[in-house]
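K.L.:
test case, fold it:
(2 chains)
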Amino acid sequence: MFETIFVSGLAMGAIYALVGISYNTMFSTSRVMSFTAGQVGMLGGVFGSLYMIAWGLPIWVGLPMVLLSCALIGVVTEYVAVRPVLKSLDQHLYVLSTLALALMIQQVTAIKWGTEPKAFPRLFNLGSDIWDEKFWIPVIACGLTIVALEYVYRYTLVGRAFVAIAEDNMAAQALGLPERNLRIVSYALAGAIGGLAGFSGGELILAFFANGAVLNFYGFVPVALGGLGNNKGAVLGGLALGLFQQAANFLVGGIFASVAVFTLFIVVLLFAPQGLFSSTSMRRV
Amino acid sequence: MQNEASEGKAKASVLKDYLGQFARTGNLGFIAILAVCTVLPFVSNDYWALIATRAAIYWVLVSGLNLVVGYAGQLAIGYVALLTLGAYTTSVLVAGNVLPALPSFLALLIAGGVGSLFGVIVGLPALRLRTFYFAMSTLGFATIVTQIALAWQNVTGGGIGIVGPEFPAPFNTPWGFYTLCILFAIFSTWITHNIAHSQHGRALVAIRDAEVAAEACGIYKPYALVKVFVVAGMLAGVSGGLFATLQTYITPDAFTFELSVLFFISILIGGRGSILGPMLGTIILTLLPEVAAPLAAWSNFLYAVLLLIIVLVVPGGIGALIDFKNKRPLESDREIVPNINIFNNLGLNLPSKGSLVLRNIDLRFGALYAINGLSLEVHSGQIHGLIGPNGSGKTTTLNAISGYYEPNKGEMQFWGVELPPGLSHLRSGCGIARTFQTPKIVGEASVIDNVMIGAVKFNEASFIEVALSLPRHKADEVRLHAAALDMLSAVGLRELAYVRADRLQHSELRFVEIARALISKPKLLMLDEPAAGLSVTEIGRLGEMIQAISKAGVAVLLVEHHADLIFDICDYVTVLNFGKALASGSPDTVRSNKEVVSAYLGS
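P.N.:
Down below sits the predicted model:
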């Protein structure tokens, strides 16, 4: 019993953390929180099911195609919903433009894919009970993503350029960094990470159009808890959220688990508005 | 005798302005819509009764949401959750699943209360955090409420649903229920209109577009927002109860997130800061699916497309497109001529003389001393000039006095009373007013509305009196309107009173800010580089005006780079360098101080 709560909590937490990282990746280059993050996560599952069950492709073709498709959605997000409103960032129009795009994605999926949850393929057919692959694939995917991102940010030129832009956009532009291209790349990357969230968690949350809205919120909670743009915080926050949610699920039942998460979200934000792992504050006057 | 006649004339002109404003706020449109609503039952059938009732119910919610989104600028995207909550509260109470069955109207009232409560809970993050968090918390709430409605089967009936409440005769026929909903719609229009066109409405807009200036005017954001969250939540809850009756049977499926989007787009289409616009938007969007029936499956998709198009193409909404009055060109070579003679009659001269005293103020950012052991005094009737090179701590000093920054050390006394560090929204009440280095003005509001924001503290009517437009509220409005016109006459902008503020020139905005500061009848007026960007003649007039303000008895603290202006009008000058007072004294002593010369000329 305890073990089940623990592993399912970790697995769900890893999915939320990946969506959180996707939020952060977009935020770092554009200062925009995009509502498409959760929808792309949902698409990871839907595309996975489509390519591998409906089209019968093997995983080594299916996975790259899923990542590519989701990266493409990321790029579309940048062109359609982010770039046009970047000039007036202070008006927060991006909230509405990315929400509109997210709803469009959700509606098209609902109509073309259907409103019932559909099966996701068993990827490797390994393990059973608490060692079942469905619990561990998201955790491994999350770990690999973190390691890969750390490597990119620290040791590659493109990664350092990302860090520079995230730190100070103006100064990075003044240095001659191709800010616009890097932003597109970051949106593609965020799309792929979101897709990986849905794909790796597909065996748990299935290929279901309504996952988008859920992942949007539960993926944002770790970002809010960990502080905007802080990947380490997002992972810790995501895992904590997953464990908390699953424990509440078993202890007090599904209804109150959602209530508990929502209450936690509001309470933490009220007492630690900048998140638990971040200490930056902004100058106002 | 002559005096009385001119006074009567002045009163008449105030009344005329007030009536003019009434017409300008688009009341003719409301009357037209009401006329259509009255005629409708006599010319159409039950099918249209249903659609018109739905529009009215949506409007009850949208009217409240409009205060949150259109006026306060908070992106509440999940208001469908409050509709759901209201619908289930009413249905469950009337059905008697939990408590003994209640009468419909009582249940509806309780739904309004529940809506208010959750409106505030969901709004809590908006009080402290950036916009996106609030958007997210309303979205999360919407997700969760649906999940609960599905899972809590013994109360909500889960996926099977529950019967909606029925209202007693005569409201149990289609047209009877229509009448009830129209009555609710009229009521919600009326109270939101009253709130929007009051100091509360102006305060909301100020929070949206000029938050920092709003604080200096005595507006406390959490307090102002909670009040509208209560109103908007209540209306959403009531709207939910009516919605459940309209549906006759509710399941969680009835409350899709797209309904939220519909509410939101209605407001965006209408344009922010308008009530008629969102009302038209609601009507149009309710009619749209009926007209475009073949596209039913894609209607939610089309709403999303519409949202995207509006945001990208016409962020101002219909309101901005048809605002012809503000498209008329203004006179191009305008001059600001302050009316120096009337400053004595503005009621600025206070009986109590006093002073602001700073002692040994330290203010650090990390290890950097922005202010280092600064002491200064400003007395009523005196102009105190604060000069110094860039980065010497002039504006930081003003910000510490205004309460935006908390000094690490030292004391601030104002008229003999300790000024609490921080708490910028309490400064206006103490009698401190200020302007800003870059004017912080609500561009979308008229000039006079901007000036009236400065007088929030003189409001006598409570929020309830405002919402119900009781006599004290009307008296407030007439009085403050007249006071704002006086201030505008004094600074020389009377002609531009009803122009949108973002159409003014930079120099004019500086004078608007001064009028906004003066209307609060301050003991201390702080001016942050008021001459920046002004022509030489304008600077001359500004100098005369500041002198007139000071002669009326106000203490003036003037931060400025124009040395001529400082040395011409100041009674006392303090020179700052690296956060320290380098020299202070009469203009002549300071001007001949060697250190000052070297700090300025670098020799």
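
K.L.:
the longest helix along chain B - what's its average pLDDT?
P.N.:
Counting residues, the longest helix in chain B under DSSP state H turns out to be helix B:221-247. Summarised as a single mean, pLDDT over helix B:221-247 is 91.

K.L.:
what's the first helix or strand after it?
P.N.:
Per DSSP states H and E, the first helix or strand lying C-terminal to helix B:221-247 is strand B:249-250.

K.L.:
what sits up against that following strand?
P.N.:
Contacts with strand B:249-250, where a contact means CB atoms under 8 Å, 6 or more residues apart in numbering or on different chains, come from B:87-88, B:91, B:161-164, B:243-244. From N, CA and C alone the C-beta is placed, and that goes for glycine too.

K.L.:
got the angle for the helix or strand that it is followed by vs helix B:221-247?
P.N.:
Per DSSP H and E, the first helix or strand lying C-terminal to strand B:249-250 is helix B:257-270. Put simply, helix B:257-270 runs at 120 degrees to helix B:221-247, going by axes from the mean of the first three to the mean of the last three CA atoms, to 10 degrees.

K.L.:
name the helices or strands packed onto the helix or strand just after helix B:257-270?
P.N.:
With elements assigned by DSSP H and E, the helix or strand that comes after helix B:257-270 is helix B:276-291. Helix B:276-291 is packed against helix B:27-43, helix B:46-66, helix B:257-270, helix B:299-313, helix B:317-321, with contacts defined by 3 or more CB pairs under 8 Å, 6 or more residues apart in numbering or on different chains; DSSP states H and E.

K.L.:
if we use 10 Å, what do you get?
P.N.:
Counting by 3 or more CB pairs under 10 Å, 6 or more residues apart in numbering or on different chains; DSSP states H and E, the packing neighbours recorded for helix B:276-291 are helix B:27-43, helix B:46-66, helix B:174-196, helix B:257-270, helix B:299-313, helix B:317-321.

K.L.:
okay, those helices in a markdown table with mean pLDDT next?
P.N.:
As requested, the helices and strands packed on helix B:276-291 are exported to a markdown table (pLDDT from 0 to 100):
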| stretch | mean pLDDT |
| --- | --- |
| helix B:27-43 | 81 |
| helix B:46-66 | 90 |
| helix B:174-196 | 90 |
| helix B:257-270 | 84 |
| helix B:299-313 | 84 |
| helix B:317-321 | 68 |
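
K.L.:
which one of those helices lies closest to B:L527?
P.N.:
helix B:174-196 (31.4 Å; CB to CB).

K.L.:
show me what the closest one is packed up against.
P.N.:
Short answer (3+ CB pairs under 10 Å, 6+ apart): helix B:174-196 packs on helix B:27-43, helix B:46-66, helix B:104-128, helix B:199-209, helix B:221-247, helix B:276-291, helix B:463-467.

K.L.:
now do the fourth one against helix B:221-247, angle only.
P.N.:
Using the same axes, to 10 degrees, the inter-axis angle of helix B:199-209 relative to helix B:221-247 is 100 degrees.

K.L.:
ok so B:K440 is a strand residue?
P.N.:
No: counting by DSSP: H, G, I helix; E, B strand; the rest coil, B:K440 falls outside a strand, being coil.

K.L.:
shouldn't it be in contact with B:V212?
P.N.:
Yes: counting by CB atoms under 10 Å, B:K440 touches B:V212, with 5.8 Å between them.

K.L.:
give me the more crowded residue out of those two.
P.N.:
Each of B:K440 and B:V212 has its neighbours counted (other CB atoms under 10 Å in any protein chain shown); B:K440 has more, 20 against 16.

K.L.:
any idea which helix or strand carries the nearest residue to that one once chain neighbours are set aside?
P.N.:
What sits nearest to B:K440 in space, not counting adjacent residues and going by CB to CB, 6 or more residues apart in numbering or on different chains, is B:A213, at 3.7 Å. Assessed by DSSP H and E, B:A213 sits inside helix B:211-216.

K.L.:
and the helices in chain A?
P.N.:
Using DSSP H, helices in chain A cover A:2-30, A:36-49, A:59-77, A:93-113, A:133-155, A:157-167, A:169-174, A:179-200, A:202-205, A:211-226, A:231-252, A:254-271.

K.L.:
now do the buried residues in the last one.
P.N.:
Under the neighbour-count criterion of 16 or more other CB atoms under 10 Å in any protein chain shown, helix A:254-271 has A:254-262, A:264-266, A:268-269 buried.

K.L.:
that helix and chain B in contact?
P.N.:
Yes: counting by CB under 10 Å from any CB of the partner chain, chain B has neighbours in helix A:254-271: A:254-259, A:261-263, A:265-267, A:269-271.

K.L.:
which SS state does B:R364 fall under?
P.N.:
Secondary structure, three-state DSSP: B:R364 is strand.
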